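>>> Sequence below, structure please.
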Amino acid sequence: MANTDRHICGISGGKDSSALAVYLRDQVPSMEYFFCDTGAELPETYEYLTRLEVILGKPIVRLNAHRGFDHWFEVFRGALPSPQMRWCTKNMKIKPIEAWIGDVPAVSYVAIRADESNRKGYISTKPNIRTKFPFIEDGIERDGVTRILEEAGIGLPNYYEWRTRSGCYFCFYQRKAEWVGLAERHPELFQRAVAIERKVLRDAGVEGDADFRSQAMRGRQYTWSSGETLTELLSRRNEILERHEAAKSRAAKVQANVPLIEVLTEALDEDDDTLPCTVCAL
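Purely as a prediction, here's the structure:
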């Protein structure tokens with residue numbers, strides 16, 4: 001491997017990428033850590049990154065500092081990002097990463113675990129960027145990730161108490177129960193997401209939830225969560241939480257003596273089996 005190679009490790013604010021950063025800290029002293037900041041991350045994510053920098057002993061470069069969600073929302077004329085039109089991932093994650101790396105030879109370390117080797121993360125198509133998967137190579141699975149973080153003294157991000165994915169507070173990949181969790185943990189952020197959604201609906205000539213239903217505009221082109229507005233979703237809070245708690249109970253019975261994060265993950269998957277963003281959720 002050429003001495004001129006840059007070694008880079010992206011951190012999403014989630015457990016896997018954070019554990020990989022700690023795991024490689026001493027193995028690759030020249031490692032450069034980066035975080036794609038959309039300007040719309042959870043407060044817990046920013047707090048966790050600050051703590052992680054202390055553990056790593058070097059700064060985590062923030063990319064995208066001047067062109068976050070608000071900028072690109074205007075560029076795309078008020079269209080919400082969605083699984084069909086993921087302009088957020090392309091413009092706030094992939095493009096900033098590749099611009100930051102440039103054309104020099106680089107090795108990108110991706111935090112896909114050995115127990116999810118069929119999963120895909122960000123793999124650049126640029127010829128100067130090679131990708132490595134240390135956890136797959138070294139056989140590190142979920143328990144190993146948790147152990148790395150615990151032994152480093154940082155543990156898991158606090159948002160894992162109610163949400164299993166890092167990323168924007170309004171991420172359209174959130175499950176229904178996670179939207180309820182956002183409303184309860186960060187009501188001001190939930191209301192911001194509501195305001196963005198209402199603007200999109202007004203621009204489409206829709207006024208209010210009743211008009212939304214009557215016009216059958218139930219695609220994610222107009223709302224954050226499939227099939228309903230956020231106000232409709234929150235009005236079903238008790239129903240959503242009852243179903244979620246039942247799913248957690250079933251998951252706990254199937255997997256006895258497992259960490260809460262695993263039970264929560266299984267329950268949320270049962271609630272809404274939607275694949276996460278391959279760049280944001282590691």
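>>> And the host helix or strand of residue 252, what does it pack against?
Element membership of residue 252 [criterion: DSSP states H and E] is helix 237-254. In terms of contacts (3 or more CB pairs under 8 Å, 6 or more residues apart in numbering; DSSP states H and E), helix 237-254 is packed against helix 176-185, helix 260-271. Placement of C-beta: from N, CA and C, glycine included.
>>> Mean pLDDT lowest where, among those helices?
If you rank those by mean pLDDT, helix 260-271 sits at the bottom with a mean of 55.
>>> average pLDDT across the helix holding residue 252?
Rounded to a whole number, the mean pLDDT of helix 237-254 is 83.
>>> hey, C-alpha coordinates of it in CSV?
Extracted in CSV, the C-alpha atoms of helix 237-254 (Å, rounded to 0.1, in the frame of the first residue of the first chain):
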residue,chain,number,x,y,z
ARG,A,237,-50.0,7.8,19.0
ASN,A,238,-51.7,5.3,21.4
GLU,A,239,-52.4,2.8,18.6
ILE,A,240,-48.9,3.0,17.3
LEU,A,241,-47.3,2.6,20.7
GLU,A,242,-49.6,-0.3,21.7
ARG,A,243,-48.5,-2.2,18.6
HIS,A,244,-44.9,-1.3,19.2
GLU,A,245,-45.0,-2.5,22.8
ALA,A,246,-46.6,-5.7,21.7
ALA,A,247,-43.9,-6.2,19.1
LYS,A,248,-41.2,-5.5,21.8
SER,A,249,-42.7,-8.1,24.1
ARG,A,250,-42.7,-10.7,21.3
ALA,A,251,-39.1,-9.9,20.4
ALA,A,252,-38.1,-10.2,24.1
LYS,A,253,-39.7,-13.6,24.4
VAL,A,254,-38.0,-14.9,21.3
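>>> All the helices of this structure, residue numbers only.
Residue ranges of the helices in the chain, as given by DSSP state H, are 15-24, 43-56, 69-75, 87-89, 95-101, 134-137, 142-152, 176-185, 187-203, 208-214, 230-235, 237-254, 260-271.
>>> Check the ones you listed for me and report the most buried one.
Most buried of these by mean neighbour count (mean count of other CB atoms under 10 Å) is helix 15-24; its value is a mean of 24.
>>> quick check: angle from that one to helix 43-56?
Our comparison of helix 15-24 with helix 43-56, counting by axes from the mean of the first three to the mean of the last three CA atoms, to 10 degrees, yields an angle of 10 degrees.
>>> Quick check: residue 87 touching residue 73?
No. Using CB atoms under 8 Å, residue 87 is not in contact with residue 73; the gap is 9.1 Å.
>>> Can you measure across stretch 170-179, start residue to end residue?
Stretch 170-179 has an end-to-end distance of 8 Å (CA to CA, to the nearest Å).
>>> Check stretch 64-72 too.
Stretch 64-72 has an end-to-end distance of 11 Å (CA to CA).
>>> ok, and what's touching it?
36, 37, 38, 39, 40, 87, 88, 91, 92, 93, 96, 168 (CB atoms under 8 Å, 6 or more residues apart in numbering).
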